[in-house]
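Q: I would like to see how this sequence folds:
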Amino acid sequence: MPRPIVRPSLRIVPVLLLLLTALLASGCGVRYSVSVDSLRDAEAPEVKTFVLEPGNSEVSADDLLFREVCSLVTPAFHAHGYRLADNRNEADAVAKISYWSEEPQQHVRTDYVTHAVPIARRHRHHSHIDYAYIDEPVLVAYTVYTAKLCIEASALKGRERQIWRTIYGYTGTRDDFRTMLHNIAPAIARGLGSQTNGVQYLNVEISDDGLITVTDPALGW
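A: As a prediction, this is how the structure comes out:
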């Protein structure tokens, strides 16, 4: 039978579970998107060896979080055939790495919770209980957090010259900056030093057995 929809007073409830946690618990693996906004100098000189340096002015090279982020980006440089050096004297390019969290954004969406309401029905001398299904609107209030990771590469030979800049972004409902940076990591190699012509999104899928797949919806692979 048709399910009538009623509009009683709205209730506001908080979002209590992170989407990724829910996906893991359901046995469906993890799926999310990472934004990539990248510019590249079409006439950039060829470079082979990079030294990694902090891009945040208040961060030093021995900062523990910076060293952790370096460990996240290092596989991406290796995947592109770059070598990493310990200092500028041994490198022909520098990659400045910066990271930050953006201002949290408050959002509200409307979900519906279905309730079964008993209804007594009479037919001549008999009566029975039937059920009507009512969709009750529920306002869900939640906060969205965004982490950004920027890698700016400049050639060192001759005049220092920027050759590409790639900015990654991850958005989630849990205020955990380090975890968000780790979520960006699988997509770093795919976007590193590319030319995106605006913001694009890479889909990251982590299966239950740990297999990581990164696809570009715009390209279909």
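
Q: What average pLDDT does stretch 41-58 get?
A: Stretch 41-58 comes out with an average pLDDT of 93.

Q: quick one: contacts of it?
A: 60-61, 63, 66, 70, 73-74, 77, 81-88, 90-100, 150, 152-153, 155, 157, 161-164, 195 (CB atoms under 8 Å, 6 or more residues apart in numbering). For every residue, glycine as well, the C-beta is placed using N, CA and C.

Q: quick one: buried residues of that stretch?
A: Residues 41, 44, 47, 50-55 are the ones in stretch 41-58 that count as buried (16 or more other CB atoms under 10 Å).

Q: In strands, which of those residues fall?
A: Among the buried residues of stretch 41-58, DSSP state E puts 50-54 in strands.

Q: would JSON lines of the residues you listed with distance to Ser35 be doable?
A: Below are these laid out as JSON lines (distance: CB to CB, whole Å):
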{"residue": "Phe50", "distance to Ser35": "23"}
{"residue": "Val51", "distance to Ser35": "27"}
{"residue": "Leu52", "distance to Ser35": "22"}
{"residue": "Glu53", "distance to Ser35": "24"}
{"residue": "Pro54", "distance to Ser35": "22"}
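
Q: now, which of the contacts of stretch 41-58 lie within strands?
A: 83-85, 93-100, 150, 152-153, 155, 161-164.

Q: on that earlier part again, so which of the buried residues of stretch 41-58 is the closest to His182?
A: Leu52 (17.4 Å; CB to CB).

Q: Return the set of residues that bridge with the closest one.
A: For Leu52, the beta-bridge partners are Ala95 (DSSP bridges).

Q: again, but for His107
A: Beta-bridge partners of His107, as defined by DSSP bridges: Tyr142.

Q: picking that back up, buried ones among the contacts of stretch 41-58?
A: 66, 70, 73, 77, 82, 84-85, 91-99, 150, 152-153, 155, 163-164.

Q: Dead centre of the protein: give me the residue that sits there.
A: Tyr170 (2.7 Å; CA atoms, centre = their mean).

Q: Which residues are in contact with that one?
A: When contacts are counted by CB under 8 Å, 6+ apart, Tyr170 touches 32, 34-35, 146-147, 180-181, 183-184.

Q: what about 6 Å?
A: For Tyr170, the contact set (CB atoms under 6 Å, 6 or more residues apart in numbering) comprises 34, 147, 180, 183-184.

Q: Take those residues and lay them out in TSV including distance to Asp216.
A: Supplementary listing: those in TSV, determined by distance: CB to CB, whole Å:
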residue	distance to Asp216
Val34	11
Ala147	21
Met180	21
Asn183	17
Ile184	15
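
Q: which one of those residues is nearest Tyr133?
A: Asn183 (38.2 Å).
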